[in-house]
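**Student:** curious how this folds, go ahead:
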Amino acid sequence: MSWATTWARRPHYGGIFAGTGTRDTITPWDVMGLSPTLNHFLGYPKVERGWIPAGPRVVTVGPPTTTAIDQTITLRPLEQTTTGAQVIKIPFAASGPFIGYMVEGRRQINGDEALPSAGVLLTAVDESANTVLRAFVLGNPSTSLNLSTAPLAVGRAAPWLSVNWRPPS
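**Tutor:** Next up is the predicted model:
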């Protein structure tokens, strides 16, 4: 990839490469990555640009406090038009620019057929003014360099998120 192509991609998320620029932080989950296929954007840019409007389609949970948050949210696939929740925002603080996690459900439908798998995808987001890398997909710790294994399937969990998710029929 040339520097011109890299530079052209950078403004979309404030940068999609980590460290020396050799590791893509969103492929294969976002069309702006180095994905060999055309697919949907992550939930973060869709919310940021208003393609998923604020309201019932974007649910904010938190920020975390000393009390555990126990909330059940039915998450609809990012690839479908719906009036239900498609993105969950989990801020780390009550004010300031958004810094936290975004959670989205991904399925291999409606343009995302080439995704490696379906499941719940977690993205770390930092909208601070001087942040270069605004969003990156959180990988599976056991295969952290392979983002194809990133989504949480039924029965898998992050230390702070229990997933009782199944694709709607």
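
**Student:** helix or strand with the lowest mean pLDDT in this protein?
**Tutor:** Across the helices and strands of the chain, mean confidence by mean pLDDT, DSSP states H and E is lowest for helix 3-9: a mean of 38.

**Student:** please enumerate the helices of this protein.
**Tutor:** 3-9, 43-48 (DSSP state H).

**Student:** Ala153 versus the most centrally placed residue in the chain, what's the distance?
**Tutor:** Centroid-nearest residue in the chain, with C-alpha atoms, centre = their mean: Thr123, separated by 3.7 Å. Separation of Thr123 from Ala153 (C-beta to C-beta, to the nearest Å): 17 Å. The way it works is simple: take the backbone N, C-alpha and C, and place the C-beta from them, glycine included.

**Student:** same deal with Ile73?
**Tutor:** From Ile73 to Ala153 the distance is 18 Å (C-beta to C-beta).

**Student:** residue ranges with poor pLDDT in the chain?
**Tutor:** 1-24, 34-35, 67-68, 140-145, 154-169 (pLDDT under 70).

**Student:** isn't the residue nearest to the centre of the chain right up against Val137?
**Tutor:** Yes. When contacts are counted by C-beta atoms under 8 Å, Thr123 is listed as touching Val137 (5.5 Å).
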